[in-house]
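S.K.: next input, structure requested:
(chains A, B, C and D)
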There are 2 protein chains.
Amino acid sequence: MSGSRVERPLARGRGIPEATVARLPLYHRSLVALRERGVTTVSSEELAAAAGVNSAKLRKDLSHLGSYGTRGVGYDVDYLVYQVARELGLTQDWPVVIVGVGNLGHALANYGGFTSRGFRVAALVDNDEALAGELVNGLPVYPLAKLEQIIAEHHVSIAVVATPGPVAQDVCDRLVAAGVTSVLNFAPVPLQVPEGVDVRKVDLASELQILAFHEQRKQMSLLTPLTALAPLPPRTEAAG
Amino acid sequence: MSGSRVERPLARGRGIPEATVARLPLYHRSLVALRERGVTTVSSEELAAAAGVNSAKLRKDLSHLGSYGTRGVGYDVDYLVYQVARELGLTQDWPVVIVGVGNLGHALANYGGFTSRGFRVAALVDNDEALAGELVNGLPVYPLAKLEQIIAEHHVSIAVVATPGPVAQDVCDRLVAAGVTSVLNFAPVPLQVPEGVDVRKVDLASELQILAFHEQRKQMSLLTPLTALAPLPPRTEAAG
DNA sequence: AAGCCCTTGTGAACGAACGCACAAAGTCGT
DNA sequence: ACGACTTTGTGCGTTCGTTCACAAGGGCTT
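M.R.: As a prediction, the model looks like this:
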């Protein structure tokens, strides 16, 4: 077995659990909403309610960023907004390239939440010649041939793949070769990327199917009594 | 109150882990792709590679559905496609209502992956009077006032919320009151729903922010050696 | 200043998910 | 028919994530 050397699991600025990172945007948004309502101080209980999470989880999440609260009082909204934003990298400018200007790419280019908060659509790219030069949300569409040039000139490190599935991997390969190290993938295929490149998948069809799974279960449990579903359900106390 | 009752960690009915359910759509899609290429038998190793997951994880996932493989051979593609589809509820028809026909709702209405595989857009609904009656992807847009009627007549149990954030909760409440028990939420707010209603969130801005977080860390680790990261970050609260 | 009250931050228990490694169980060659 | 080979299905240890419960620590009142 390996040595018993205790390695510090959570350094101050690093080692933030992935589950926590995934919730930081949620907290950030809730905090901004509170700030816009004029709230200056918020307790973990209130913020947790606004974000729809458990308050203990919220406190532990925030504790990974540092001790930004005041015991007996709560968190200063302004200060916490800034800290979360800084941790998420929202205090810097992120030029983003969107590849694929179909229905989805169109919507993304127009989507307000995409362009705000540090992100800026550097360019729209599509391989359809007919689209080249057209304006979408005030942004011109460039041909796919210019992809590498755009990435280099704008120092793009984050790309959005909104192409049809069959070409997504090719596009992704070109993106990575050109220097992109983070990809948000809307295409219904699992993208293969080398070490060091992050891919996050947004799969609309999958989400619906997951809902359908649970929906089917609900319908089944309505039609048949519980005893018919499980072989021998112990007659424990009924909840509620 | 956000302190919700302890919901069963495993999926309702038979105990299929939630993490497994979330991957079933992925397997289903990979299997369909294999079938279309004429593949009739697939090993866990091959299917796992196609889906981009660990093969042991794939086998354990599939084992929750039943013993559908043949040792020494693999899985029959046709058979497995059917079993996964049945488990996901894709063998039945799911009428879906999309509320909010903005950029995103427009894209969703046109999105092929949404309408295929058991799902069917029963109606598009928007509160913008100007849109009423317009055709999107061959489907008419109905006014919000008809929401309850549509849900009842089409027996809709799954709804997509693609409205602006501020009205999402109101729309959701009406959906639930009208009988919807599964909601796919694209609005950037956490929806509150009663027990028994499922909500899945697709948050485009959050996904980008999560990528930005990791991207920032990559850049930091390139610029500074690891030893420079360990000390406490200066608490510069005078910023701004 | 001291004590009370409030909320944060966290140790610890619990539970879920992952992945290794292997036994079980089938096929195929001889 | 039998043994070698292949691949599934799964027991088990490890890691990751969630939640409880409470001590630590700050503010407020007296």
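S.K.: which residues are in contact with the lowest-mean-pLDDT helix or strand in chain A?
M.R.: Least confident helix or strand of chain A, by mean pLDDT, DSSP states H and E, is helix A:112-115 with a mean of 74. Residues outside helix A:112-115 that contact it (Cβ atoms under 8 Å, 6 or more residues apart in numbering or on different chains) are A:96, A:108, A:121, B:188, B:204-205, B:208. Just so you know, the C-beta spots here come from the backbone N, C-alpha and C atoms, and that holds for glycine as well.
S.K.: now it, how far from the chain's geometric center?
M.R.: Distance, stretch centre to chain centre, for helix A:112-115: 13 Å (Cα atoms, centre = their mean, to the nearest Å).
S.K.: following the host helix or strand of residue A:85, which helix or strand comes up?
M.R.: If you go by DSSP states H and E, residue A:85 is part of helix A:77-88. Toward the C-terminus, helix A:77-88 is succeeded by strand A:94-99 as the next helix or strand (DSSP H and E).
S.K.: strands paired with that next one, and their directions?
M.R.: Paired with strand A:94-99 in the same sheet, following DSSP bridges, are strand A:119-126 (parallel), strand A:158-161 (parallel).
S.K.: dump those strands to CSV, plus mean pLDDT and mean neighbour count.
M.R.: Formatted as CSV, the strands paired with strand A:94-99 follow (pLDDT from 0 to 100; neighbours: other Cβ atoms under 10 Å in any protein chain shown):
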stretch, mean pLDDT, mean neighbour count
strand A:119-126, 96, 21
strand A:158-161, 98, 27
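S.K.: out of those, which comes closest to residue B:168?
M.R.: With Cβ to Cβ as the measure, strand A:119-126 is the member of those nearest residue B:168 (21.6 Å).
S.K.: quick one: name whatever helix or strand follows the closest one.
M.R.: Toward the C-terminus, strand A:119-126 is succeeded by strand A:135-136 as the next helix or strand (DSSP H and E).
S.K.: what comes into contact with that next one?
M.R.: Residues contacting strand A:135-136 (Cβ under 8 Å, 6+ apart): A:101, A:106, A:109-110, A:124, A:141.
S.K.: now do the helix or strand following that strand against strand A:119-126, angle only.
M.R.: Later in the chain than strand A:135-136, the nearest helix or strand by DSSP H and E is strand A:139-143. Here the directions of strand A:139-143 and strand A:119-126 differ by 40 degrees (axes from the mean of the first three to the mean of the last three Cα atoms, to 10 degrees).
S.K.: any idea of the mean pLDDT for strand A:139-143?
M.R.: For strand A:139-143, mean pLDDT rounds to 95.
S.K.: residue A:181 - how many residues pack around it?
M.R.: 20 (other Cβ atoms under 10 Å in any protein chain shown).
S.K.: burial of residue A:18, as a residue count?
M.R.: 10.
S.K.: err, residue A:192, not the other one
M.R.: So residue A:192, with other Cβ under 10 Å, has 13 neighbours.
S.K.: so it sits right up against residue B:52, yeah?
M.R.: Yes. The criterion here is Cβ atoms under 8 Å, and residue A:192 meets it with residue B:52 at 7.2 Å.
S.K.: how far off centre is stretch A:184-199?
M.R.: Distance of stretch A:184-199 from the chain centroid (Cα atoms, centre = their mean) equals 14 Å.
S.K.: which outside residues touch it?
M.R.: Here stretch A:184-199 makes contact (Cβ under 8 Å, 6+ apart) with A:100, A:104, A:108, A:158-166, A:168-169, A:172, A:176, A:180-183, A:200-205, B:26, B:29-30, B:50-52, B:113, B:207-208, B:211, B:214-215, B:218.
S.K.: of the contacts of strand A:135-136, which is the most crowded?
M.R.: Taking other Cβ under 10 Å as the neighbour criterion, residue A:124 ranks highest of those with 26 neighbours.
S.K.: please see if stretch A:22-35 touches chain B.
M.R.: Yes. Judged by Cβ under 8 Å from any Cβ of the partner chain, stretch A:22-35 and chain B are in contact via A:22, A:24-26, A:28-29.
S.K.: which parts of that stretch are buried?
M.R.: Under the neighbour-count criterion of 16 or more other Cβ atoms under 10 Å in any protein chain shown, stretch A:22-35 has A:22-31, A:33-34 buried.
S.K.: please tell me how far residue A:18 sits from residue A:152.
M.R.: 30 Å (Cβ to Cβ, to the nearest Å).
S.K.: cool, and residue A:39?
M.R.: Taking Cβ to Cβ, one finds residue A:39 at 43 Å from residue A:152.
S.K.: more neighbours: which of these two?
M.R.: residue A:39 (15 against 11).
S.K.: for that one, which non-adjacent residue is spatially closest?
M.R.: Spatial nearest neighbour of residue A:39, chain neighbours left out: residue A:77 (5.6 Å); criterion: Cβ to Cβ, 6 or more residues apart in numbering or on different chains.
S.K.: can you list contacts of stretch A:140-158?
M.R.: Stretch A:140-158 is contacted from outside by A:94-97, A:99, A:101, A:119, A:122-127, A:129, A:131-135, A:159, A:171, A:174-175, A:177-184, B:208, B:211-212, B:215, B:219, using Cβ under 8 Å, 6+ apart.
S.K.: with stretch A:43-51 instead?
M.R.: A:23, A:26-27, A:30-31, A:33-34, A:42, A:54-55, A:57-59, A:62, A:69, A:73-75, B:2, B:190.
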